[in-house]
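>>> Structure of the sequence below:
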Amino acid sequence: MSNLLFAARPLFLDFLGAIVFAVLLASGVDVTTAALAGVFTTVAQVTLQLVRRKPVAPLQWLSLALVVTSGAATLITHDPRFLMAKPSVIYAVVGVVMLKRGWMLRYVPPIAAGHLTDVLTVFGYVWAGLMFATGAANAVVAVGWPQWWPAFIAVVPLSSKAALFAIHYVWGRAVAKRRIVAAREAEALAAA
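Presented below is the predicted three-dimensional model:
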């Protein structure tokens, strides 16, 4: 369980500002307050990292840019069509960032480091594909069936990511376990 939390924690923190914004908006908080809270949360996270002299990950910088940009656009337009289309843009940008080879390596627990590079590279591209597919589906629903958009955005993105995360976690854990055992056996044979 601790390895699962180790893997999920940075991903959760990378998108915390966007999560705060979405939760507040879904809870009926006005657009202005939700946007300002999301922007403040993300700016505070990045500022804290910089004050601590810790590196700010690319997804955190991306999250900061997206939250500030989308927050400003939301404050300026108050247009629900912008709110419906915004996730498609965000998913496309995140998908592009996720095309960077090896971006997932920072999410690996220390014990598995070096044992999953190939698996994580493939899953990195799978995650990018999921982002592109979710963005396209969001655009189709927002334009073609706007009355279904609230249900879509509440269910499909989160459930698809949860399902892929579960598959990714279980598969990665199994491969890492098998490779760690094989490496230890090879070391034991070499020492004998």
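
>>> so what are the domain limits for this structure?
The chain is divided into the following domains under automatic domain parsing: 1-78, 79-192.

>>> so how far is the shortest one from its chain's centroid?
Taking the mean of its C-alpha atoms, domain 1-78 sits 11 Å from the chain's own mean (Cα atoms, centre = their mean, to the nearest Å).

>>> same thing with stretch 168-176?
18 Å.

>>> what comes up buried for that stretch?
Neighbour-count burial for stretch 168-176, counted by 16 or more other Cβ atoms under 10 Å, picks out 168, 172-173, 175-176. In short, each C-beta sits where N, CA and C put it, glycine included.

>>> Return the member of the domains of the chain having the minimum mean pLDDT.
When the domains of the chain are compared by mean pLDDT, domain 1-78 comes last with a mean of 77.

>>> longest helix anywhere in the protein?
Longest among the helix segments of the chain by residue count, using DSSP state H, is helix 149-191.

>>> Would you mind pulling up the elements that that helix packs against?
Using 3 or more Cβ pairs under 8 Å, 6 or more residues apart in numbering; DSSP states H and E, the elements in contact with helix 149-191 are helix 2-14, helix 80-98, helix 117-144.

>>> and of those, who's closest to residue 24?
Distance to residue 24, taken as Cβ to Cβ, is lowest for helix 80-98 among these, at 12.8 Å.

>>> buried sites along that closest one?
Neighbour-count burial for helix 80-98 flags 83-95, 97-98 (criterion: 16+ other Cβ under 10 Å).

>>> Residues in contact with that helix: which ones?
Residues from elsewhere that reach helix 80-98 (Cβ atoms under 8 Å, 6 or more residues apart in numbering): 18, 25, 31, 58-59, 62, 66, 70, 73-74, 103, 124-125, 127-129, 131-132, 134-136, 138-139, 142, 146, 149, 153, 157.

>>> run the last query once more with 7 Å
For helix 80-98, the surrounding residues in contact (Cβ atoms under 7 Å, 6 or more residues apart in numbering) are 58-59, 62, 66, 70, 73-74, 124, 127-128, 131-132, 134-135, 138-139, 142, 146, 149, 153.

>>> ok, now stretch 140-159?
Under Cβ under 7 Å, 6+ apart, the answer for stretch 140-159 is 84-85, 87, 134, 137-138.

>>> how about 8 Å then?
Contacts of stretch 140-159 with the rest of the structure, by Cβ under 8 Å, 6+ apart, involve 26, 81, 84-85, 87-88, 91, 134, 137-138.

>>> quick one: that stretch to chain centroid distance?
With Cα atoms, centre = their mean as the basis, stretch 140-159 stands 19 Å off its chain's centre.

>>> Going through the contacts of helix 80-98, which ones are buried?
Taking 16+ other Cβ under 10 Å as the criterion, what is buried in the contacts of helix 80-98 is 59, 62, 66, 70, 73-74, 124, 127-128, 131-132, 134-135, 138-139, 142, 149, 153.
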